[in-house]
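1. Predicted coordinates and the sequence they were generated for:
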Amino acid sequence: MALMDLFHRPTPTEIVEEHGPAVLAQLRRTFGPRADVDDVFQAVFVEVLRSLPRFRGHASLRTWIHRITLNVAYQEMRHHYRARATSPLDEVDEPCSTQDMEEELAQAEAGRRLYEALDELDPKKRMAVILHDIEGLTLREIGEQLGRPLQTVATQVRTGRAELAEALRRPAPRAEVLPLAPRRSR
Amino acid sequence: MSCADIRGQLVAYRKHELSLLQTTKVEQHLARCPACARLHTQLSLGFEAARRAPQVDRAHLVRLIARLGPYLETAQPDHWPLAYGAGGALAALAAVLVAFGLWKGFEPPAPDFGAAVVERARPQVAQVRLVPKPRRLEWLDQVANRTLVRSRPLPALRIISSPDWTGRVLGGRSDEPRVVMDQGYASFDYQGEVGQVLRVQTKDLEVELQEARAYVVREPSGLTTIGLLSGRAAVAVDGELILLAPGEQRTFGPGAAAKGRLEMPAALTSAADFVDEVRPAIATLEPVAEADAPSEVLEPRFEPLPNEHDSNSPVPTSEVAAGPEVQPPVSVSLAQQLAEAEDQARRGERGAARARYEALLDQASEPERPLVQYELARLLAADGATDRAMVLYRTLGQGENEVAIQANFALCQLQLQQPCAAASCLDRIMTDLSRPVTVRAEAAQLKARWRLSSVARCSQ
């Protein structure tokens, strides 16, 4: 790394370019790989850029953006509670071989059902389960990120998992195509 | 176990979080229940699909960035924190040098936990029950690692702590207050709502108190001693839940063997009682045989906490810190001087108190300065010098630390004469998604408490 890199201050475009892929990936893991998260992505970075002048560097920029992403995603979940956010199955990339195809399709279908079941959870439990069981955060980290007591997070994960299993057990509801959209327009 | 029980444990089973016994039960069930086995497969495949790193298409990302166009042009930061740029490089270098210097010169003090504590000055009353006071901010402050720790008001909690106690009182958004304790000793009086518990958490264990009077001693060696004077208490340690009976004391940690019965003091109403009576009693406790230990939890004998407005209160009000107190500090001398200045203000010598704060401002080191500024702003606000108080609060409110958060709330409070301005002020905090959820939730709570919920924002 050149010494001059230490003196470089990233521009807003560079910030979005650097952190955009991670935010997009996180939003897709949160809302499902086929949910339309473009508007949520935009809402996250509008908030990031709007708040940038107040960023003091008490946490790293990555942590700070992650926190904003979680907050925006949580608001989105609350707004779209019980709404389905899926897109037609034919948008899935076609696998190569027949065996791969079967495995891929089975997994894609299981993933789709999982996110449908997650959609039925209360947003608080849903966020806790996603962060713990998909993002791999510890209960303590989730508590810190969401500002909830450890015990509360543990309860939300436990009951969220049980409700998730119950929701998965029920016959799959007909998916309704409903793109995600930010609640607040800016 | 029923199918419903198993379903609730499938994710934990998949992540190997269950005990051996539970794992065996789940596996036996899955072997004979095709429906649950199918569900397990579905869950496993689903989580596997979800955890696979989603592909991020570069071209798609470029399109998304293009949509942000206007914001990219207008959102130039006013300034960057020192963490970035040349300042960051120099600050990092300086920090490394300072840290190295401190490390070389640092000699840990000899552990003197025990009787030495008794010889110290009267312990401070760190936290008290708060009576809702309209138009006053009601968070609790606490000493911890040179920072203020904010908490939400707790309905019935009093902590009497040793001077070397460090910890935080957390309110959270649920009904479950929590004290995170690092070291020192403290006695807790807690009388929450029916069924409501207080959790006291140390590094190694968690104590749950219900309508209880108890003490927790955390020694530098890692030993934690818990004694229950009255009420109910349970200790969660190493996955085990241990119930304590009133009068019982237990020690946990490396090499801990002490388990004794504590004589109930006749009256424990002040910090001095704790130091003079309980502490020596703890030190002289003899281990008792397991069979002799109280085995069942008795009915609580908890006396209601005294009301600070009640003249018949058994606790001298001088022992009880009132209201939202910015507690100390940082350094003992500064803490003392702040306390003296506050006493002066209480006695009506407000000019002298103000002069003292201003003098302290000149003397205070950089980390301590915000604390003094905050106190000065409070005094100015109380004296009606609102403009100057607002300037100070605005200066303080620029950061993200606890003083800044509280300064922002205080700034909103100062605008209560114009409800729409105060409502707008709190709205700005509530809608600022870069702030932690707890801070935004607290702003919402203050808005409700100050009856601003139905107030419209000022038209610009």
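-> Looks like it arrived, so ask away.

2. Give me the most central residue, chain A.
-> A:T30 (2.5 Å; CA atoms, centre = their mean).

3. okay, B:L262: pLDDT?
-> On pLDDT, B:L262 comes in at 50.

4. Which element is encountered next along the chain beyond the worst-scoring helix or strand of chain A on mean pLDDT?
-> Using mean pLDDT, DSSP states H and E, the weakest-scoring helix or strand in chain A turns out to be helix A:98-119, at a mean of 75. Per DSSP states H and E, helix A:98-119 leads on to helix A:123-129 as the next helix or strand towards the C-terminus.

5. What helices and strands are in contact with that next one?
-> helix A:61-79, helix A:98-119, helix A:139-146, helix A:150-169 (3 or more CB pairs under 8 Å, 6 or more residues apart in numbering or on different chains; DSSP states H and E). Using the backbone N, CA and C atoms, a C-beta is placed for each residue, glycine as well.

6. and that helix, how far from the chain's centre?
-> Centre-to-centre, helix A:123-129 and its host chain are 11 Å apart (CA atoms, centre = their mean, to the nearest Å).

7. pull the CA atoms of that helix into CSV?
-> What follows is helix A:123-129, C-alpha atoms only, in CSV (Å, rounded to 0.1, in the frame of the first residue of the first chain):
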residue,chain,number,x,y,z
PRO,A,123,-40.0,-8.4,12.2
LYS,A,124,-38.1,-8.5,15.5
LYS,A,125,-37.9,-12.3,15.5
ARG,A,126,-37.2,-12.4,11.8
MET,A,127,-34.2,-10.0,12.1
ALA,A,128,-32.9,-11.9,15.1
VAL,A,129,-33.1,-15.3,13.3
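
8. Pull the residues that contact it.
-> Applying CB atoms under 8 Å, 6 or more residues apart in numbering or on different chains, the set of residues contacting helix A:123-129 from outside is A:30, A:70, A:73-74, A:77-78, A:81, A:118-119, A:121, A:142, A:146, A:153, A:156-157, A:159-161, A:163-164, B:11.

9. same thing but at 7 Å, please
-> Outside of helix A:123-129, the residues within contact range by CB atoms under 7 Å, 6 or more residues apart in numbering or on different chains are A:74, A:77-78, A:81, A:118, A:121, A:142, A:146, A:153, A:156-157, A:159-161, A:163-164.

10. Now, of these, which are buried?
-> Taking 16 or more other CB atoms under 10 Å in any protein chain shown as the criterion, what is buried in the contacts of helix A:123-129 is A:74, A:77, A:118, A:121, A:142, A:146, A:153, A:156-157, A:159-161, A:163-164.

11. out of the residues you listed, who's nearest B:E402?
-> For these, the closest approach to B:E402 (CB to CB) belongs to A:L146, at 18.6 Å.

12. Taking helix A:150-169 as reference, get the angle to the helix or strand harbouring B:V216.
-> When elements are assigned from DSSP H and E, B:V216 belongs to strand B:205-218. Computed by axes from the mean of the first three to the mean of the last three CA atoms, to 10 degrees, the angle separating strand B:205-218 from helix A:150-169 equals 170 degrees.

13. So which bits of the following helix or strand past strand B:205-218 are buried?
-> The helix or strand immediately downstream of strand B:205-218 is strand B:224-237, counting by DSSP H and E. Taking 16+ other CB under 10 Å as the neighbour-count basis, strand B:224-237 is seen to contain the buried residues B:224-235, B:237.

14. Report all helices and strands that strand B:224-237 contacts.
-> Using 3 or more CB pairs under 7 Å, 6 or more residues apart in numbering or on different chains; DSSP states H and E as the contact test, the elements touching strand B:224-237 are strand B:205-218, strand B:240-244, strand B:248-252.

15. And those strands: which comes nearest chain A?
-> Judged by CB to the nearest CB, the one of the helices and strands packed on strand B:224-237 that comes nearest to chain A is strand B:205-218, at 8.6 Å.

16. Which elements pack onto that closest one?
-> strand B:178-190, strand B:198-201, strand B:224-237.

17. Restrict that strand to CA atoms and write it as CSV.
-> What follows is strand B:205-218, C-alpha atoms only, in CSV (Å, rounded to 0.1, in the frame of the first residue of the first chain):
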residue,chain,number,x,y,z
LEU,B,205,-22.1,-15.5,35.3
GLU,B,206,-25.5,-13.9,35.5
VAL,B,207,-27.6,-13.3,38.6
GLU,B,208,-31.3,-12.9,38.4
LEU,B,209,-32.9,-10.9,41.3
GLN,B,210,-36.5,-10.6,42.0
GLU,B,211,-37.7,-8.4,44.8
ALA,B,212,-34.4,-8.9,46.3
ARG,B,213,-31.6,-7.4,48.4
ALA,B,214,-28.3,-8.9,47.5
TYR,B,215,-24.7,-8.1,47.0
VAL,B,216,-22.3,-9.1,44.3
VAL,B,217,-18.5,-9.0,44.8
ARG,B,218,-16.3,-9.3,41.8
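
18. which outside residues touch it?
-> B:181-191, B:197-200, B:202, B:224-237, B:252, B:268, B:278, B:300, B:302.

19. now swap in stretch B:10-22 and tell me
-> Stretch B:10-22 is contacted by residues A:D133, A:R161, A:A165, B:Q9, B:T23, B:V26, B:L39, B:H40, B:L43, B:S44 when judged by CB under 7 Å, 6+ apart.

20. Using JSON lines, lay out the residues you listed together with secondary structure.
-> As requested, these are arranged in JSON lines below (DSSP: H, G, I helix; E, B strand; the rest coil):
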{"residue": "A:D133", "secondary structure": "helix"}
{"residue": "A:R161", "secondary structure": "helix"}
{"residue": "A:A165", "secondary structure": "helix"}
{"residue": "B:Q9", "secondary structure": "helix"}
{"residue": "B:T23", "secondary structure": "helix"}
{"residue": "B:V26", "secondary structure": "helix"}
{"residue": "B:L39", "secondary structure": "helix"}
{"residue": "B:H40", "secondary structure": "helix"}
{"residue": "B:L43", "secondary structure": "helix"}
{"residue": "B:S44", "secondary structure": "helix"}
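
21. Please identify which of those is nearest to B:A59.
-> Top of the list for closeness to B:A59, among those and by CB to CB, is A:D133 at 31.2 Å.

22. ok, the closest one - contacts?
-> B:V11, B:F47.

23. rerun at 10 Å
-> With contacts taken as CB atoms under 10 Å, 6 or more residues apart in numbering or on different chains, A:D133 has the following neighbours: A:114, A:118, A:157, A:160-161, A:164, B:11-12, B:14-15, B:43, B:47, B:50-51.

24. Tell me the pLDDT of it.
-> Looking at A:D133, its pLDDT is 88.

25. so where's chain B shaky on pLDDT?
-> Residue ranges of chain B with pLDDT under 70: B:53-54, B:70, B:73-165, B:169-176, B:191-196, B:239-241, B:255-332, B:400, B:437-438, B:455-460.

26. could you pull out the strands for it?
-> Defined through DSSP state E, the strands belonging to chain B, from first to last, are B:125-127, B:143-144, B:147-148, B:157-161, B:166-170, B:178-190, B:198-201, B:205-218, B:224-237, B:240-244, B:248-252, B:259-261.

27. Let's have those strands in a markdown table, adding distance to A:R62.
-> Converted to a markdown table, the strands of chain B look like this (distance: least, CB to CB, whole Å):
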| stretch | distance to A:R62 |
| --- | --- |
| strand B:125-127 | 35 |
| strand B:143-144 | 26 |
| strand B:147-148 | 23 |
| strand B:157-161 | 36 |
| strand B:166-170 | 25 |
| strand B:178-190 | 26 |
| strand B:198-201 | 28 |
| strand B:205-218 | 31 |
| strand B:224-237 | 34 |
| strand B:240-244 | 38 |
| strand B:248-252 | 38 |
| strand B:259-261 | 47 |
